[in-house]
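Participant: below: sequence and its predicted model.
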Amino acid sequence: QVQLVESGGGLVQPGGSLKLSCATSGFRLDLYAIAWYRQAPGKEREAVSCISSSDGSTYYRDTVKGRFTMSRDNAKRTVYLQMNSLKPEDTAVYYCAAESWPTNCYYLNEYTNWGQGTQVTVSS
C-alpha cells in the first residue's frame, strides 16, 4: 500500500532554513503527483507546492514562491521541500500527499494518500 513518511521538521529562527523529506513506498513514484500541504493551528489545511509525475514540473503557492523549492529523487523514492528564509507564518504541520496522476499536478485538487506530518516551528 502507499506509504508516506515525512521528516526534517523542527524549530528554526526566522530567516533560517529547513529541508523536509518525504520517503515513499508502495507505488511507482514516477507515476504519482506529490504535494506538500501545511496546516497551522486554527487554520485550514493549504497546499504549499506540488511536483508533476510527467515532467517534474513544480508549482508553489504565492506566499512561498522564491523561498521554497520542491524536488524529487526517484532512485531514492524521496521527495524534498527545501525551505529558506523562513517566516513565523510558515509555522505549521507539513504533510506529504500522493495521488496517481499522469499529467500536470497544477490541475489536481484532491489527494487520497497522506503522511503523518512533521512540525515546523519558526520562532525566535
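Facilitator: In hand now; what should we look at?
Participant: C-alpha from now on. contacts and neighbour counts both.
Facilitator: Noted.
Participant: just how off-centre is the helix or strand encompassing Leu20 within its chain?
Facilitator: Element membership of Leu20, judged by DSSP states H and E, is strand 18-25. Counting by CA atoms, centre = their mean, to the nearest Å, strand 18-25 is centred 8 Å from the centre of its parent chain.
Participant: pretty sure Asn84 contacts Leu18?
Facilitator: Yes: if you go by CA atoms under 8 Å, Asn84 and Leu18 touch, sitting 6.7 Å apart.
Participant: related to what we said a few turns ago, quick one: buried residues of the strand holding Leu20?
Facilitator: 18-24 (16 or more other CA atoms under 10 Å).
Participant: hey, where'd the strands end up in this protein?
Facilitator: Counting by DSSP state E, the chain has these strands, from start to end: 3-7, 10-12, 18-25, 32-39, 46-51, 58-60, 68-73, 78-83, 92-100, 113-114, 118-122.
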